[in-house]
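S.K.: just coords:
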Ligand SMILES: C[S+](CC[C@H](N)C(=O)[O-])C[C@H]1O[C@@H](n2cnc3c(N)ncnc32)[C@H](O)[C@@H]1O
């Protein structure tokens, strides 16, 4: 009967199946079938990927080690004034890097600012181990610890109102290098992360955020592969997730959490891949 396809189309099991099928087609049967099998058991895909974020990110760092991201040297240029106190350069500033990964934000910053002390956390044990085994790691400059900021209270590791600057950063320089931290979690969890970081931030402190913007080439690719699991929120082939921000969404999110927005802008860069003969619009 013609009703059947309609019934399938509105059945949530259908969209789950369609999602798994598209992951299977886009990456091939060899591509992490375990993740796809496991996702099949879960009624809610967002919940599944968020509950298993530690596993997916840890696998990411097991696989790529510290080779995936480049050091973020642009941070000094764009945000230098937040990391040092020109009036009194002996003043120690405390930075919290949330989702520190292998330390590509931390190490350029401690090299450039001798008075900076970094609190760094990540959900992946492998990422924290990579930070601690870095040649430039010094315990008196960096405190790296494991923490899922969506569920664990930062106050258990950091004193209240003790942090000057919090970084939530991703990188644009190289195509297919992604990610930052806030976009890695479901939009529903974002308000609780902001409350969590607010408790450790000084009243006159700053949050510096650079992340995916709506319309980015990577979003278009995920959209075309049918990998959206909730509004604006996508899963990649390796099980890690990304959300794409509009300026409106971002400023409302921070406003509702009690922050004032000092500055917000979208940066667009066209990157040409001559090998594949494509031009990519990257938005952050
Ligand atoms: C690739 S990145 C950014 C890495 C780092 N900021 C840098 O500059 O290289 C996103 C990071 O967020 C971490 N992450 C994802 N969800 C998290 C969570 N709920 N709590 C803490 N870290 C998380 C991931 O493990 C990953 O290292």
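M.R.: All right, it came through fine. Every value quoted in this text rests on a predicted model; they were computed, and no experiment measured them.

S.K.: from now on I want contacts and neighbour counts done on CA atoms only, so please keep to that.
M.R.: OK.

S.K.: low pLDDT regions in the stretch 101-250 of the chain?
M.R.: Applying pLDDT under 70 to the stretch 101-250 of the chain flags residues 169-180.

S.K.: where along it do the helices fall?
M.R.: Using DSSP state H, counting those that start in this stretch, the helices of the stretch 101-250 of the chain run over 106-112, 125-132, 190-200, 217-224, 247-256.

S.K.: residues of this protein that sit close to the ligand?
M.R.: When proximity is defined by C-alpha under 6 Å from any ligand atom, the chain lies next to the ligand at 57, 69, 99-105, 122-124, 147-150, 169-170, 179-181, 184-185.

S.K.: quick one: closest of the helices of the stretch 101-250 of the chain to residue 238.
M.R.: Of all the helices of the stretch 101-250 of the chain, helix 217-224 sits nearest to residue 238, with 12.5 Å by C-alpha to C-alpha.

S.K.: what distance do you get for residue 129 to the ligand?
M.R.: According to C-alpha to the nearest ligand atom, to the nearest Å, residue 129 stands 12 Å off from the ligand.

S.K.: contacting residues for that residue?
M.R.: With contact set as C-alpha atoms under 8 Å, 6 or more residues apart in numbering, residue 129 has no partners.

S.K.: just residue 146 next, same as before
M.R.: Counting by C-alpha under 8 Å, 6+ apart, residue 146 touches 121, 122, 123, 124, 125, 128.

S.K.: rerun that using 10 Å as the cut-off
M.R.: By C-alpha atoms under 10 Å, 6 or more residues apart in numbering, residue 146 lies in contact with 99-100, 120-129, 152, 157.

S.K.: same question, residue 183
M.R.: Going by C-alpha under 10 Å, 6+ apart, residue 183 touches 168-170, 190, 210-213, 233-234, 241-245.

S.K.: and the residue nearest the centre of the chain, what does it touch?
M.R.: Against the mean C-alpha coordinate of the chain, by C-alpha atoms, centre = their mean, the closest residue is residue 181 at 2.1 Å. Listed by C-alpha under 10 Å, 6+ apart, the contact set of residue 181 reads 97-101, 122, 149, 167-170, 209-211, 241-243.

S.K.: buried subset of those?
M.R.: Neighbour-count burial (16 or more other C-alpha atoms under 10 Å) applied to the contacts of residue 181 gives 97-101, 122, 149, 167-170, 209-211, 241-243.

S.K.: if we can go back for a sec, write the ChimeraX selection for whichever of the contacts of residue 146 are buried.
M.R.: The buried residues among those can be selected in ChimeraX (16+ other C-alpha under 10 Å) with this line:
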select :99,100,120,121,122,123,124,125,126,127,128,129
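
S.K.: what about stretch 213-229, how long is it end to end?
M.R.: With C-alpha to C-alpha, to the nearest Å as the measure, stretch 213-229 spans 17 Å from end to end.

S.K.: how about the contacts made by residue 256?
M.R.: Residue 256 makes contact with 191, 194, 250 under the criterion C-alpha under 10 Å, 6+ apart.

S.K.: mind checking which helix or strand residue 270 is in?
M.R.: strand 268-273 (DSSP states H and E).

S.K.: which strands and helices sit next to that strand?
M.R.: If you count contacts as 3 or more C-alpha pairs under 10 Å, 6 or more residues apart in numbering; DSSP states H and E, strand 268-273 packs onto strand 278-283.

S.K.: between the two ends of stretch 106-122, how far is it?
M.R.: This stretch, stretch 106-122, spans 12 Å end to end (C-alpha to C-alpha).

S.K.: next, the buried residues of it.
M.R.: Neighbour-count burial for stretch 106-122 [16+ other C-alpha under 10 Å]: 106-110, 113, 115-122.

S.K.: before we move on, what about stretch 234-249?
M.R.: Neighbour counts over stretch 234-249 (16+ other C-alpha under 10 Å) mark 234, 235, 237, 238, 239, 240, 241, 242, 243, 244, 245, 246 as buried.

S.K.: and those residues, which of them are in strands?
M.R.: Of those, the ones assigned to strands by DSSP state E are 234, 235, 241, 242, 243.

S.K.: good, wrapping up.
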